[in-house]
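Participant: Below: sequence and its predicted model.
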Amino acid sequence: MSKFSGCRAFNADFFAIASLCGEEIASAGELETQLQEIYRRVYAIDFARYDLRALRGVAPDLLDDFYDLRLGLRGRIAGWQARGFMTPNAERLLRDVFRALRYATDLIGELMIGFRQRKPGRSNRLAFAKETRGTLLHPRLRTSTLADFKSGDMIIVRGTIHNSAAIARIGDVDSQFSHAAMVYIDPQGRQHVVEALIECGATTSSLHGALSHDLARAVVFRHKDADLASRAAENIYNHVRQSLGFFRRPIPYDFSMELEGYDELFCSKLIRQAYDEASGGKVRLPTFKSRFEKGSRDFLDRIGVTARQSFAPADLELEPEVEAIAEWRDFERTSHVRLQDFVMVKLFEWMEQDGYTFREPPALHVISRLGRLSSYAPWPLPALIARVAPRVPRNMKRETISAIAMLHYTAEPLFQRLHRLERRSIRQRGHPLHPREILQHLEAMREQSPARIGYLHAPRSTEDAVPQQERLPAGA
């Protein structure tokens, strides 16, 4: 542990958090109180109070320190569960703590590279590559330069588009991951991923290709039963490859996010099927499911989600029988996805708490219908749809296409304004915006146009006070 960072204020804050993470608790209530206090202290971390030059000098050690805090909490989940402490509220609070600790790690990494940023889609980097500085390994693997992948490993990732941020945040508790996949290594040593993608359903591809696909972060999980993991990977790989054979029909994507039945699959459900069938029904992931009970039903209905509980990628973070063995992030992009995350936090908050709803103009209705037809015909999609859904599957509803487009074009202007404010903060103050500042800026943006934010419209009583004309976004 980095006991001497050279910054007294940071040392005091970090060791207070570390002490809380290590405290023994005797009841579910004590666990909830402990997690609330950890979250409060992590959220209060503020670069404005620290000697950033001193922290930058020990940043690599600090990255391991923050990672070890999360691993230490993860290692206690099985014990808490056995003692009946993992109540729904404790589960929610633990997810919040993991998310906050990950953001703190991101900020240390960004400081380490001088807050350098790189736009998505350019010079994509290979996650977990030896030359990258963003890989964190489980302590027992730190003598290696890279954790070797094994069959059955599960990878959760986060992309760099607004839709990825939305997928990570449609549950009752926000997460930082939008997709999950399973690793399979064949007898020749070739590394594959097996995954379910919105655009094409269940499929296989090379692990190298999947890890270089415009990612911002990724985590590798490994089941404690190596034989079970190996069988699960081989079985699901063969199952998906057979479905892709000549005269076969690929397994379609499951937009409902329902867990029962394997005729259709979404990304995490593919992993569930793999372990379920390989274990003879004894291992049915996840132990702690994501809930869709408090979210905006209007938006969930538009994108086709009917489940009230499901398996989201981030549920693996709480899974007692799997280990988090490695984590990677591109520190030149973590600021980008952090701002996207907070935009989505506010958009969903405005929908869930303030009654904002998407209202589709006639022009977008027509364009989304054309996008739906594109799955049968070879013509290119209109630009508005192509930017957010470049390939539309046959079982994707027109309403889903429209909702994805409206979400993207509502989020993008807010994100761009935040990005400019972030860069100004770094130039003038030497550090990024604090999360509370980001949320304050977003509320200020809403106050400037309370009746409508992009395609999101306030309840009628509010909107009638400030009428605005419906139109497509500029440049669409």
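Facilitator: That came through fine.
Participant: low-confidence ranges in the stretch 101-250 of the chain?
Facilitator: The stretch 101-250 of the chain contains residues with pLDDT under 70 at 120-124, 130-132, 143-147.
Participant: Strands of that one, residue ranges please.
Facilitator: 135-137, 154-159, 179-185, 191-197, 201-206, 215-223 (DSSP state E, counting those that start in this stretch).
Participant: distance of residue 217 from residue 211?
Facilitator: Distance of residue 217 to residue 211, given as Cβ to Cβ, to the nearest Å: 12 Å. Just so you know, the C-beta spots here come from the backbone N, C-alpha and C atoms, and that holds for glycine as well.
Participant: So between those two, which is more surrounded?
Facilitator: For the pair residue 217 and residue 211, the greater number of neighbours falls to residue 217 (25 against 22), based on other Cβ atoms under 10 Å.
Participant: for the residue nearest to the more buried one when sequence neighbours are not counted, what are its contacts?
Facilitator: Using Cβ to Cβ, 6 or more residues apart in numbering and skipping residues adjacent in sequence, the residue nearest residue 217 is residue 329, 4.1 Å away. Contacts here follow Cβ atoms under 8 Å, 6 or more residues apart in numbering; on that basis residue 329 touches 105-106, 109, 134, 216-218.
Participant: go with 7 Å
Facilitator: 106, 109, 134, 216-217 (Cβ atoms under 7 Å, 6 or more residues apart in numbering).
Participant: Redo these as TSV? Include distance to residue 60.
Facilitator: Listed next are these as TSV, based on distance: Cβ to Cβ, whole Å:
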residue	distance to residue 60
106	14
109	9
134	11
216	20
217	18
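Participant: which of these tops the neighbour count?
Facilitator: Neighbour-wise, the contacts of residue 329 (other Cβ under 10 Å) top out at residue 216, 27 neighbours.
Participant: Could you check how far it is from residue 240?
Facilitator: Taken as Cβ to Cβ, the span from residue 216 to residue 240 is 26 Å.
Participant: same check, this time on residue 296
Facilitator: Per Cβ to Cβ, residue 296 is found 33 Å from residue 240.
Participant: These two: who's more crowded?
Facilitator: A side-by-side neighbour count of residue 296 and residue 240, using other Cβ under 10 Å, places residue 240 first with 25 against 21.
Participant: list the contacts for residue 197?
Facilitator: 203, 253.
Participant: For beta bridges, what are the partners of it?
Facilitator: Using DSSP bridges, the bridge partners assigned to residue 197 are residue 201.
Participant: pretty sure residue 456 contacts residue 348?
Facilitator: No. Applying Cβ atoms under 7 Å, one finds residue 456 not in contact with residue 348, separated by 10.3 Å.
Participant: Quick check: what element follows the lengthiest helix in the chain along the chain?
Facilitator: Secondary structure assigned by DSSP state H gives helix 398-429 as the longest helix of the chain. The element immediately downstream of helix 398-429 (helix or strand, assigned by DSSP states H and E) is helix 435-448.
Participant: list the helices and strands that next one packs on?
Facilitator: Secondary-structure packing of helix 435-448 (3 or more Cβ pairs under 7 Å, 6 or more residues apart in numbering; DSSP states H and E): helix 334-354, helix 398-429.
Participant: The residue lying closest to residue 400 once chain neighbours are set aside: neighbouring residues, count only.
Facilitator: Of all residues not flanking residue 400 in the chain, residue 303 sits nearest, at 5.0 Å (Cβ to Cβ, 6+ apart). Residue 303: 22 surrounding residues under other Cβ under 10 Å.
Participant: Per-residue pLDDT of residue 303, please?
Facilitator: Here, the pLDDT recorded for residue 303 equals 89.
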